[in-house]
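> coordinates only, sequence not included:
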């Protein structure tokens, strides 16, 4: 049986899905819509996954017009690969293209923001979304909020939806010993370190994060902020840090290799995300897996994972003051409180976000589609 896995960019999440598929009984082909610049994932494709190339090479493919123009090439690829199933997402790009050529069985995978944000961009994007969902045979999503959004757009039965948090590797993301090397390198051995791992994009509320940290730092000068990755808001962010004299207390080490990421979680005292929209955030799950107290936006998907004062805190969207207060609470915990949060978060992740278990539900969905 041949699977064509079709995604917009080669990301760490794609690597994880393809790594498991490479050990399955299926013959797996991988097609990437946009050129891989190494920005999202530097590791090569997993062994046994067969890359598929566009006949004219990669080109910018960021708009609906681009996707329409690529349809003849996509049809040609499908004829050549002759898959038994296509797994495609995001919804409006790879998903829509698969829907248009009329291929079945077609498993549509939402990446969260494609339904929570992109579906409401304008009438055209809403039409693309409805078309892709209504012509798919099954939908994979990672949260109840994404499921409900899909069902609000298209009548879609629960039996056609596979809802699985993508999950994390429990052996990698665990507390273990506090990683002191990073703190020592920064001279932050005795400070309270808050970690952000979200991309520097408008969606993730990095401006809210910085203003919240500025306010919290005024209340506690022992606070420090680690901001990983980068993004299109880089100049704006670095300008804010310089303008408010935060250079010595905010560190931006850039994009961290996935294998080293856990060390930064283990070096932190708390995790924060001010994202305006999210499905089930993998970085949130990673922070929970390490046992950190978390501060995240009060939106439906986060409420599926965070109970205030039990395992973290919820900040009001676009309200830096509420995040500042939550940050201060998250780092001023007694040893008993911190141990309790660690135990609750580890138990939560083991029960609901075990990647090794959850990915098997995707393979079961493949089997259902292939036997119909």
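Noted; the coordinates are in hand. Just so it is clear, the structure is predicted and the values come from calculations on it, not from any experiment.
> domain parsing for the protein?
2-167+354-371, 180-352 (automatic domain parsing).
> among those domains, which is nearest residue 173?
Taking CB to CB, domain 180-352 is the member of the domains of the chain nearest to residue 173, at 3.6 Å. Where C-beta positions appear, they are placed from N, C-alpha and C, glycine not excepted.
> the closest one: how far from the chain's middle?
15 Å (CA atoms, centre = their mean, to the nearest Å).
> any chance you could map the helices in the stretch 151-300 of the chain?
Per DSSP state H, counting those that start in this stretch, the stretch 151-300 of the chain carries helices over the ranges 180-186, 206-219, 234-243, 261-267, 282-290, 300-303.
> any chance of TSV for the domains of the chain, columns mean pLDDT, mean neighbour count and distance to residue 174?
Formatted as TSV, these follow (pLDDT from 0 to 100; neighbours: other CB atoms under 10 Å; distance: least, CB to CB, whole Å):
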stretch	mean pLDDT	mean neighbour count	distance to residue 174
domain 2-167+354-371	94	18	12
domain 180-352	95	19	6
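> I'd like those domains laid out as TSV, including distance to residue 173.
Rendered in TSV, the data for the domains of the chain read as follows (distance: least, CB to CB, whole Å):
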stretch	distance to residue 173
domain 2-167+354-371	9
domain 180-352	4
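> re earlier: nearest to residue 79, out of the helices of the stretch 151-300 of the chain?
Closest among those, using CB to CB: helix 282-290, at 34.8 Å.
> show me what the closest one is packed up against.
helix 261-267, strand 270-273, strand 294-297, helix 335-352 (3 or more CB pairs under 8 Å, 6 or more residues apart in numbering; DSSP states H and E).
> now the angle from that helix to helix 335-352?
120 degrees (axes from the mean of the first three to the mean of the last three CA atoms, to 10 degrees).
> contacting residues around helix 282-290?
13, 165-168, 170, 173-175, 195, 197-198, 261-262, 265-266, 271, 273, 278, 294, 296, 302, 305-306, 311, 345-346, 348-349, 353 (CB atoms under 8 Å, 6 or more residues apart in numbering).
> which of the helices and strands packed on helix 282-290 sits closest to residue 206?
strand 270-273 (9.8 Å).
> contacts for the closest one?
Against strand 270-273 from outside (CB under 8 Å, 6+ apart): 192-198, 204-205, 209, 212, 265, 281, 283-284, 287, 292-297, 323, 326-327, 330-331.
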